[in-house]
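*Asks:* Turn this into a structure:
(chains A and B)
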2 protein chains.
Amino acid sequence: VLGPDSVVLLLQNGLGNEECASRVVDARRILGGVAFVCLNRTAPGEVRHTAFGYLKADCFSPGGDPESIERVRQAFLRAGVGFHRAESLPYLKWEKLVWNVPFNGLSASFGGVDTLSILEHAPSKRLAGELMQEVIDAARSQSIRLDPKLVSDNLEKTLSMGPYRTSMCLDRLARRPLEAESIVGEPLRRAERKGVSLPRMQALYAHLSFYNRTAGFVEKADSRVYPNQENDS
Amino acid sequence: VLGPDSVVLLLQNGLGNEECASRVVDARRILGGVAFVCLNRTAPGEVRHTAFGYLKADCFSPGGDPESIERVRQAFLRAGVGFHRAESLPYLKWEKLVWNVPFNGLSASFGGVDTLSILEHAPSKRLAGELMQEVIDAARSQSIRLDPKLVSDNLEKTLSMGPYRTSMCLDRLARRPLEAESIVGEPLRRAERKGVSLPRMQALYAHLSFYNRTAGFVEKADSRVYPNQENDS
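*Replies:* Numbers count the residues shown, from 1 in each chain, chains lettered A, B, ... in the order given. From the prediction side, this is the model:
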């Protein structure tokens, strides 16, 4: 289905998704990015947008064509959606993980709860902040220097979002597989390979992957989820 | 209801229970202990005993009468129940916490699961062992030196117990309040007051106390649980 000039834009949280896609698509055609937006899919083809709203993306491979990102940017701008070229895709991914790890992770591991209820419970708010610091430590092991102020900024920004239900919260409530590998497992493994200890992320990963296993979802290390199938790779 | 020679024997896991009882009973009459036994209360007045089976206890207060522990010991022995006087009640309590924190804690925070399923999931087994090490670190901050071999011993012993449902697992399944304070919160606070960081126990405490709060159980810092009441002390 790819034309000669087609590109593939992945807007997925977590790490390892572009690597996975590069097994079936030329890496130079892959764009990776993240969305800074609060929305929920409420029905097939229906999206409820609640706060914020822009995209950041860049070519996945150094061999990618900068022209392609510009074409995609123009298309989004024509559609009225904010779009910025990221200065560094790895930086962008890790920056977003600072929010995703605590809020997606805890909202699911706590059984499907909103972000405000986490922030209104002192021990859980503390844990969220400490998980953010662990993500910053993990990023540093990958030569990504994130601003330590991201911790307080993210806590404040999230408070302003009200009782937001993260995507992993909704997955948990609907008993769908949780994105344990790309959002927690893969960042954790990359940091641990560099000798960095991340106890809270490890505990969170144990929790989320335990859920996936007992719910009958087997995740592959490459972040793809195959419900009820044996993991044979 | 206490006669002149009556004593009060508390067989409760965790920390802070004897202190709590000493507000209504002379501390010198209080005996504290723990049960090394696998059993579940299956109905009022009905107990299913599955493995192990003896008690260890000692006077709570240095002013307690050693004769009283001997009287209680004889009573249990007459009933066919093993009973040993503990050499040190604080040591005994912390030693038992090495098992209780990971297995009661995770079995409840994972939504009500048995001990074998935790041990069969590699990241969760690792987390259980690391939680045990944190309890040993916490005990050291209270001048209690536990054998590091307790980690591997407890993992092996628990494997031999099969798919055991801990008391906190059963509480979670029945949507009863979880003993978050006495089993995790109080040990955590005592160690943190000594400057010891216990990230996995803190994460576990956040999880269990979040559950109690959202389930409508308000726990007092003294470990007593009052369902659906305001915490006004």
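*Asks:* Can you tell me what sits against stretch A:181-195?
*Replies:* A:12-17, A:94, A:97, A:100-101, A:104-105, A:135, A:137-138, A:141-142, A:168, A:198, A:201-202, A:204-205, A:208-209, A:219-223 (CB atoms under 8 Å, 6 or more residues apart in numbering or on different chains). For the C-beta atoms, the positions are set from N, CA and C on the backbone; glycine is no exception.
*Asks:* Give me the subset of those lying in helices.
*Replies:* Among these, the residues falling in helices (DSSP state H) are A:17, A:94, A:97, A:100-101, A:104-105, A:135, A:137-138, A:141, A:168, A:201-202, A:204-205, A:208-209.
*Asks:* out of these, who's near chain B?
*Replies:* A:Gln202, A:Leu204, A:Tyr205, A:Ser209 (CB under 8 Å from any CB of the partner chain).
*Asks:* Which of the residues you listed has the largest number of neighbours?
*Replies:* Highest neighbour count within these, by other CB atoms under 10 Å in any protein chain shown: A:Leu204, with 30 neighbours.
*Asks:* And that residue, how far from B:Arg126?
*Replies:* Using CB to CB, to the nearest Å, A:Leu204 is found at 13 Å from B:Arg126.
*Asks:* A:Arg29 too?
*Replies:* A:Arg29 is 39 Å from B:Arg126, by CB to CB.
*Asks:* Those two: who's more crowded?
*Replies:* Remark: of A:Arg29 and B:Arg126, A:Arg29 carries more neighbours, 21 against 14, as counted by other CB under 10 Å.
*Asks:* Name the residues that touch the host helix or strand of A:Val47?
*Replies:* Using DSSP states H and E, A:Val47 sits in strand A:46-59. Strand A:46-59 is contacted from outside by A:9, A:11, A:28, A:30-42, A:65-66, A:68-69, A:72, A:76, A:81-89, A:92, A:160-161, A:164, using CB under 8 Å, 6+ apart.
*Asks:* Just list the residues touching A:Arg140, thanks.
*Replies:* A:Leu146, A:Val196.
*Asks:* Now do the strands in chain A.
*Replies:* A:8-11, A:30-43, A:46-59, A:82-85, A:217-219, A:225-227 (DSSP state E).
*Asks:* Check the gap between the residue lying closest to A:Leu55 once chain neighbours are set aside and chain B for me.
*Replies:* Closest residue to A:Leu55 apart from its sequence neighbours, by CB to CB, 6 or more residues apart in numbering or on different chains: A:Phe83 at 4.8 Å. Per CB to the nearest CB, to the nearest Å, A:Phe83 is found 37 Å from chain B.
*Asks:* now swap in A:Gly63 and tell me
*Replies:* 36 Å.
*Asks:* Tell me who's in contact with that residue.
*Replies:* Contacts of A:Gly63 by CB under 8 Å, 6+ apart are A:Ala27, A:Arg28.
*Asks:* First-to-last residue distance for stretch A:105-113?
*Replies:* Counting by CA to CA, to the nearest Å, you get 10 Å between the two ends of stretch A:105-113.
*Asks:* sorry, back to before: filter the contacts of stretch A:181-195 to the buried ones?
*Replies:* By neighbour count, with 16 or more other CB atoms under 10 Å in any protein chain shown, those hold A:12-17, A:94, A:97, A:100-101, A:104-105, A:135, A:138, A:141-142, A:168, A:198, A:201-202, A:204-205, A:208-209, A:219, A:223 as buried.
*Asks:* burial measure for A:Ser6, as a count.
*Replies:* Neighbour count of A:Ser6, defined by other CB under 10 Å: 10.
*Asks:* Hmm, A:Ile30 and it touching each other?
*Replies:* No: A:Ser6 is beyond contact range of A:Ile30, at 10.9 Å (criterion: CB atoms under 8 Å).
*Asks:* gap between A:Ala151 and chain B?
*Replies:* In this structure residue A:151 is Val, not Ala. Applying CB to the nearest CB to A:Val151 and chain B gives a distance of 15 Å.
*Asks:* nope, A:Cys38 is what I was after
*Replies:* 22 Å.
*Asks:* Please apply the same query to A:His121.
*Replies:* 5 Å.
*Asks:* Do I have it right that that residue meets B:Ser209?
*Replies:* Yes: counting by CB under 8 Å, A:His121 touches B:Ser209, with 7.2 Å between them.
*Asks:* Next up, the contacts around the residue nearest to A:Leu159 when sequence neighbours are not counted.
*Replies:* Spatial nearest neighbour of A:Leu159, excluding adjacent residues (CB to CB, 6+ apart): A:Leu119 at 5.6 Å. Neighbour list for A:Leu119: A:Lys125, A:Ala128, A:Leu155, A:Thr158, A:Leu159 [criterion: CB under 8 Å, 6+ apart].
*Asks:* Now that we have the residues you listed, can you turn them into JSON lines and tack on neighbour count and pLDDT?
*Replies:* Converted to JSON lines, the contacts of A:Leu119 look like this (neighbours: other CB atoms under 10 Å in any protein chain shown; pLDDT from 0 to 100):
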{"residue": "A:Lys125", "neighbour count": "18", "pLDDT": "98"}
{"residue": "A:Ala128", "neighbour count": "26", "pLDDT": "98"}
{"residue": "A:Leu155", "neighbour count": "16", "pLDDT": "98"}
{"residue": "A:Thr158", "neighbour count": "21", "pLDDT": "95"}
{"residue": "A:Leu159", "neighbour count": "13", "pLDDT": "95"}
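*Asks:* Farthest-apart pair in these, please.
*Replies:* A:Ala128 and A:Leu159 (10.8 Å; CB to CB).
*Asks:* how about the residues of chain A that lie near chain B?
*Replies:* Checking chain A against chain B by CB under 8 Å from any CB, the hits are A:109-111, A:113, A:117-118, A:121, A:123-124, A:126-127, A:130, A:199-200, A:202-207, A:209-211, A:213-214.
*Asks:* PyMOL command for the buried members of those residues?
*Replies:* Selection of buried members from the residues of chain A next to chain B for PyMOL, criterion 16+ other CB under 10 Å:
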select buried, chain A and resi 109+110+111+113+117+118+121+123+124+127+130+199+200+202+203+204+205+206+207+209+210+211+213
